[in-house]
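Visitor: Next input, structure requested:
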Amino acid sequence: MSGKHAKPNVHLSQVSEMVKRLFRLTLSEIHSLPSYDDQNFYVASTEGGEYVLKIMNSEDSKNLGLIEVQTYAMSYLHQNGLPAQTAVPSSSGQLMSLEEMDCGYGCQKYLVRLLTYLPGTTIAKVPLTPQLLYETGKTAARMDKILEKMEHPHLNMLQREKFIWSLSNVALLEAYIHVLDGDPLQEVVKSVIHHHKTSLDPKRSNFRKCVNHGDFNDLNVLVQPDETDGYRISGILDFGDMNSGYYIHELAITIMYMMTVHPNPIEVGGPVLAGWESVLPLSEVERDCLYLLVLSRFCQSLVLARYSVTLHPENAEYLMISSKKGVSILHQVWELGKEQVERLWFQSAAQFSDRN
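Guide: Have a look, this model is predicted:
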């Protein structure tokens, strides 16, 4: 979570100047893109290229080693056949540049990267057919399997001990839960945290470790129409939440975010799970923990969005996107209970695997 004044607030004229100075490109088009706590711009150059300029918040910009690993991971996935963005070198050959700017809170340093632009529309905007959900699960599993083989001198930077978005750190939400005072949601969140600490934490040593993208959500997955009147995945965005985690964490995160954009959220788990298991079948322990991990991610998303709104009220609309639907889905999944939800997911996954 970045602090109150960490989010950059750079004007279009500054972006133009920066791109010209660092990359020797003249911009023909520029507009801002939505972002949680960084600043992103779509830019097109008169030389013919399309890019995304990403300006990191000043807090994350202090962690150069971590961002170096994330940038490398993107190109590593790209080399291994997954559609990730890659960083464009500046005219001096650097993949990232630390720029000092005053965004209204005094001079601070912001890390700037120019990334390739991936065509497509966010998966949130197209019909989530079972086949597309299957592909989403499969892609998430392929991604983690590729990342597991990645080598980099700063790989240990991904051991983000107190990273608030890691599904290993659900207990850290207790420090933020006051933002739900007076909201009936607070009791559900407290119960989920309690179950996470008592029944899930002791089993974590049995999960298979890997590197997680950590934010495989409906705005970070791009799709394009395919030949069969459906859609295929054309882009994976935003590696800012990468961390050392577990395969089962990535699957839970993927299911949770796809649920927020589906008309019948409970139906999402089966096809995503089937796609995932076509690459990486789950162990018994992992299967047993999936339900609680999906609930845990809902809690992280809802509590931290509510907390961010207190820091950035002007960005409330974007911050609350998944929150609005998330509250009712969390209640629904919680009330249905583990046994019923698991039966729906696992039966539907088995039927789907038989067909594919």
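Visitor: All the helices of the stretch 151-300 of the chain, in order from the start?
Guide: 185-195, 247-259, 269-277, 284-311 (DSSP state H, counting those that start in this stretch).
Visitor: Please report the distance of the residue nearest the centre of the chain from Arg113.
Guide: In the chain, the residue lying closest to the centroid (CA atoms, centre = their mean) is Asp215, at 1.6 Å. Applying CB to CB, to the nearest Å, the value for Asp215 to Arg113 is 17 Å. (C-beta placed from N, C-alpha, C; glycine too.)
Visitor: The closest residue to Ala305 other than its chain neighbours: what's it in contact with?
Guide: If the residues on either side of it in the chain are set aside, Ala305 comes closest to Ser323, at 4.6 Å by CB to CB, 6 or more residues apart in numbering. Contacts for Ser323 (CB atoms under 8 Å, 6 or more residues apart in numbering) come out as Ser301, Leu302, Ala305, Arg306.
Visitor: Doesn't Ser323 belong to a helix?
Guide: Yes. Counting by DSSP: H, G, I helix; E, B strand; the rest coil, Ser323 falls inside a helix.
Visitor: Tell me how far it lies from Ser61.
Guide: Taken as CB to CB, the span from Ser323 to Ser61 is 27 Å.
Visitor: Could you do Trp276 as well?
Guide: Trp276 is 34 Å from Ser61, by CB to CB.
Visitor: Neighbour count for the two, which is higher?
Guide: Trp276 (27 against 22; other CB atoms under 10 Å).
Visitor: Model confidence for that one, exactly?
Guide: Turning to Trp276, the model gives it a pLDDT of 98.
Visitor: I figured Leu95 hits Thr71, correct?
Guide: Yes. Between Leu95 and Thr71 there is a contact at 5.6 Å, judged by CB atoms under 8 Å.
Visitor: Residues that sit against both of the two, list them.
Guide: By CB under 8 Å, 6+ apart, the residues touching both Leu95 and Thr71 are Ala87, Arg113.
Visitor: The nearest residue to Lys197 once chain neighbours are set aside - how many residues pack around it?
Guide: The shortest distance from Lys197 to any non-neighbouring residue, by CB to CB, 6+ apart, is to Ala171 (5.6 Å). When counting by other CB under 10 Å, one arrives at 12 neighbours for Ala171.
Visitor: Assess the claim that Ala171 and His195 are in contact.
Guide: No. In this structure Ala171 lies outside contact range of His195 using CB under 8 Å: 11.4 Å.
Visitor: where do the strands sit along the protein?
Guide: In the chain, the segments counted as strands under DSSP state E are 27-33, 39-45, 50-55, 97-102, 107-116, 121-122, 209-212, 221-225, 231-236, 243-246.
Visitor: Any chance of JSON lines for the contacts of Ser323, columns pLDDT, distance to Leu293 and neighbour count?
Guide: Output for those, formatted as JSON lines (pLDDT from 0 to 100; distance: CB to CB, whole Å; neighbours: other CB atoms under 10 Å):
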{"residue": "Ser301", "pLDDT": "93", "distance to Leu293": "13", "neighbour count": "20"}
{"residue": "Leu302", "pLDDT": "94", "distance to Leu293": "15", "neighbour count": "25"}
{"residue": "Ala305", "pLDDT": "88", "distance to Leu293": "19", "neighbour count": "20"}
{"residue": "Arg306", "pLDDT": "89", "distance to Leu293": "21", "neighbour count": "20"}
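Visitor: a markdown table for the residues you listed, including distance to Thr139?
Guide: Converted to a markdown table, those look like this (distance: CB to CB, whole Å):
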| residue | distance to Thr139 |
| --- | --- |
| Ser301 | 21 |
| Leu302 | 25 |
| Ala305 | 25 |
| Arg306 | 30 |
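Visitor: Please state the mean pLDDT value computed over stretch 23-39.
Guide: Rounded mean pLDDT across stretch 23-39 is 88.
Visitor: in that stretch, what's buried?
Guide: Phe23, Leu25, Leu27, Ile30, Ser35, Tyr36, Asp37, Asp38, Gln39 (16 or more other CB atoms under 10 Å).
Visitor: next one: stretch 168-179
Guide: For stretch 168-179, by 16+ other CB under 10 Å, it's Ser168, Asn169, Val170, Leu172, Leu173, Tyr176, Ile177, Val179.
Visitor: Reformat those as JSON lines; add distance to Tyr51 and pLDDT.
Guide: Listed next are the buried residues of stretch 168-179 as JSON lines, based on distance: CB to CB, whole Å; pLDDT from 0 to 100:
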{"residue": "Ser168", "distance to Tyr51": "34", "pLDDT": "96"}
{"residue": "Asn169", "distance to Tyr51": "34", "pLDDT": "97"}
{"residue": "Val170", "distance to Tyr51": "36", "pLDDT": "97"}
{"residue": "Leu172", "distance to Tyr51": "35", "pLDDT": "97"}
{"residue": "Leu173", "distance to Tyr51": "36", "pLDDT": "97"}
{"residue": "Tyr176", "distance to Tyr51": "35", "pLDDT": "96"}
{"residue": "Ile177", "distance to Tyr51": "40", "pLDDT": "95"}
{"residue": "Val179", "distance to Tyr51": "36", "pLDDT": "93"}
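Visitor: All good on my end, thank you.
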